[in-house]
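1. structure of the sequence below:
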Amino acid sequence: METLLHAWTALCCLITLVWARRHLDVSRARHDTSALHPEMYDAPPDPAPSVSVIIAAKDEESVIERCVRTMLDQDYPNYTLTLVNDRSQDRTGPILDNLQREAPDKLNIHHVTELPHGWFGKCNAVRIGTNASSGSYLLFSDADCEQTSNRTISTAVRFAVENDIEFLSVMPTMKAGCLWDALLQPVCTAVLVIWHPLERVNDPNRPETYANGAFMLIRRDAYERIGGHVSVRDALCEDMQLARNAKAAGVKLHAIQNRDLYSTRMYTNLSAAWRGWSRIFQGSLQRARKLMLAALVLSVFSLLPTISTAVAAVAIATPATEHSPAWKWLSLTAIAALLVQHSVLLRFYKLLGARTWQAFLYVPAAVVCLAIVINAAFKSMGWGETTWRGTTYDSRSFAEDLASANCTDQGSQQNRVARSCAAQRSKAVKDADNVD
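-> Reported below is the predicted structural model:
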């Protein structure tokens, strides 16, 4: 028993050191000046390349008008906006038709009534929008995004042009849609940040990839080179898979934070947050063993300080062990880990723009996040179903697809295979277009 307590105490010391190290990460993030912001440039690039903005919308009546109006208000001189209404059952279609009558020269609307076999709804809708667009740059966004600046497109395009970036993903500022969403966002975001650090994503010599579908600016020739959305037609996270394909094909990928450019609303209830984050984790981490490792890390570093403190307190209050030095040492190290953890969390939550009280509910949020990660691991093994944008899919087929897609993760040999796959799927997009 003494040996176990000593090992437990040593683990709490390690946890304390790791959380203390996170203070440096938060400090670096606070002083990071690389985020895109409206004042970065005084004008769009000259000449301004043509940009086609493509957004798929399904049952988005509560947010679609704000999304379209803020996108139409952009100061970029050479862009068009294409909205694809993907089988919506609410008022999304009529709202879009009314908006098109207001801006017929700038806004194009397409209505999708059927989903082809083998396609995810969003990927199919975006493909239709892309085929109807002609810009030399393609900007993919989401229906729940709101442009908080009228210089978003100008800033992103100029940054991409000046830095010769072929695939630029601008991270969103996230707005909570409900209490559980507010609690889960910081925890789930931290998990993604740990596994996809942007400095590694932006290094062409590193295998890590990341992109967020809320804002992906891709040069058309690069998009066609990686097979477009046909190459990701059945991917759970099409944005992540596009990024993997891009890096494997040698496309220059860059992900960057934004400040005051645009924001996105996440989930409106716990059920939606559960499904949404499960899909995101499954699509971004992919492999069951990677998801289970993420669950283990989350359990140890997020939950163990609280559990250890509670267990040690009960043990010290028990007559049989109240004078045990081992239990007292465990109690001290557990409390130290808990204090350091929350000192980091308070700074991290402030960095994210979250409320201070949310940091004190980190543990229950981490428990739910842990359950979501485990659920994603089960789904990655083909257990259960995945619901996305109102359509339910069998997870087993996606587990098989993810297993075959793992060749893009790392190594030059895998990259050659990925480029070959991308070339084959590029041919497939032409075949699919001919069929359409």
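
2. hey, where'd the strands end up in the protein?
-> For the chain, the strands defined by DSSP state E cover 51-57, 79-86, 107-112, 137-142, 145-147, 167-170, 173-175, 215-219, 253-256, 262-265, 385-388, 391-394.

3. to residue 98, which of those strands lies closest?
-> For these, the distance to residue 98 is smallest for strand 107-112, at 10.0 Å, taking CB to CB. For every residue, glycine as well, the C-beta is placed using N, CA and C.

4. name the residues of that closest one that are buried.
-> Buried residues in strand 107-112, counted by 16 or more other CB atoms under 10 Å: 107, 108, 109, 110, 111, 112.

5. would you format those as TSV with distance to residue 338 and pLDDT included?
-> As requested, the buried residues of strand 107-112 are exported to TSV (distance: CB to CB, whole Å; pLDDT from 0 to 100):
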residue	distance to residue 338	pLDDT
107	53	96
108	55	96
109	54	97
110	54	96
111	54	96
112	51	95
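
6. ok, those residues vs residue 10, which is closest?
-> Once CB to CB is applied, the member of these that ends up nearest residue 10 is residue 112, at 57.6 Å.

7. distance check, residue 73 against residue 363.
-> The gap separating residue 73 from residue 363 is 42 Å, by CB to CB, to the nearest Å.

8. between the two, which is the more surrounded one?
-> residue 363 (17 against 11; other CB atoms under 10 Å).

9. what sits against the more buried one?
-> 302, 303, 306 (CB atoms under 8 Å, 6 or more residues apart in numbering).

10. change it to 6 Å
-> residue 306 (CB atoms under 6 Å, 6 or more residues apart in numbering).

11. show the pLDDT at it.
-> With respect to pLDDT, residue 363 scores 95.

12. count the residues that sit near the residue lying closest to residue 215 once chain neighbours are set aside.
-> Excluding the flanking residues, the one nearest residue 215 by CB to CB, 6 or more residues apart in numbering is residue 170, at 4.2 Å. As a burial measure, residue 170 scores 26 neighbours (other CB under 10 Å).

13. check contacts around residue 170.
-> Counted by CB under 6 Å, 6+ apart, residue 170 has contacts 36, 156, 215, 256, 258.

14. distance check, it against residue 327.
-> Where residue 327 is concerned, residue 170 sits at a distance of 51 Å (CB to CB).

15. same deal with residue 192?
-> 37 Å.

16. so those two - more neighbours on which side?
-> The neighbour count for residue 192 versus residue 327, taken as other CB under 10 Å, is higher for residue 327 (22 against 17).

17. so that one makes contact with residue 314?
-> No - Residue 327 is beyond contact range of residue 314, at 9.6 Å (criterion: CB atoms under 6 Å).

18. give me the nearest residue to residue 54, chain neighbours excluded.
-> Nearest one to residue 54, counting by CB to CB, 6+ apart, is residue 129 at 3.9 Å.

19. could you report the neighbour count for the closest residue to residue 236 other than its chain neighbours?
-> Nearest residue to residue 236, sequence neighbours excluded (CB to CB, 6+ apart): residue 283, at 3.5 Å. Counted with other CB under 10 Å, the neighbours of residue 283 add up to 23.

20. turn the buried residues of strand 107-112 into CSV, columns for distance to residue 231.
-> Below are the buried residues of strand 107-112 laid out as CSV (distance: CB to CB, whole Å):
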residue, distance to residue 231
107, 28
108, 24
109, 26
110, 21
111, 25
112, 20
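
21. which of those lies closest to residue 77?
-> Closest to residue 77, out of all of the buried residues of strand 107-112 and judged by CB to CB, is residue 107, at 16.3 Å.

22. distance of the closest one relative to residue 130?
-> In terms of CB to CB, residue 107 sits 16 Å off from residue 130.

23. residue 374 against residue 295, yeah?
-> Yes - applying CB under 6 Å, one finds residue 374 in contact with residue 295, separated by 5.3 Å.

24. ok, those two, which is more surrounded?
-> Using other CB under 10 Å as the criterion, residue 374 and residue 295 rank with residue 295 on top: 21 against 18.

25. per-residue confidence at that one?
-> pLDDT, read off for residue 295, is 96.

26. pretty sure it contacts residue 372?
-> No - look at residue 295 against residue 372 with CB under 6 Å: they stay out of range, at 9.5 Å.

27. quick one: low-confidence parts of the stretch 51-200 of the chain?
-> Judged against pLDDT under 70, the stretch 51-200 of the chain has no low-scoring part.

28. swap in 80 and give it another go.
-> Within the stretch 51-200 of the chain, the segments meeting pLDDT under 80 span 177.

29. report how many residues lie close to the residue nearest to residue 54.
-> 26.

30. same deal with residue 276?
-> Residue 276, neighbours per other CB under 10 Å, totals 18.

31. can you pull the contacts of residue 13?
-> Per CB under 6 Å, 6+ apart, neighbours of residue 13: residue 333.

32. for residue 329, see how far away it is.
-> Distance from residue 13 to residue 329, by CB to CB: 10 Å.

33. likewise residue 348?
-> 28 Å.

34. the more surrounded of the two?
-> residue 348 (22 against 18).

35. without its sequence neighbours, what residue ends up closest to that one?
-> residue 26 (5.5 Å).

36. what's the pLDDT at the one you found?
-> 89.

37. same thing with residue 32?
-> So, for residue 32, pLDDT stands at 75.

38. run a quick neighbour tally on it.
-> Residue 32: 13 neighbours (other CB under 10 Å).

39. quick one: residues contacting it.
-> Residue 32 touches nothing, counting by CB under 6 Å, 6+ apart.

40. separation between it and residue 259?
-> 10 Å.

41. and what of residue 119?
-> In terms of CB to CB, residue 119 sits 35 Å off from residue 259.

42. any idea what the residue nearest to residue 215 is bridged to?
-> Note on residue 170: beta-bridge partners by DSSP bridges are residue 256.

43. equivalent analysis for residue 79, please.
-> residue 51.

44. which ones are touching the nearest residue to residue 112 once chain neighbours are set aside?
-> Leaving out its chain neighbours, the residue that sits closest to residue 112 by CB to CB, 6+ apart is residue 86, at 4.9 Å. Residues in contact with residue 86 (CB under 6 Å, 6+ apart) are 56, 58, 112, 121, 125.
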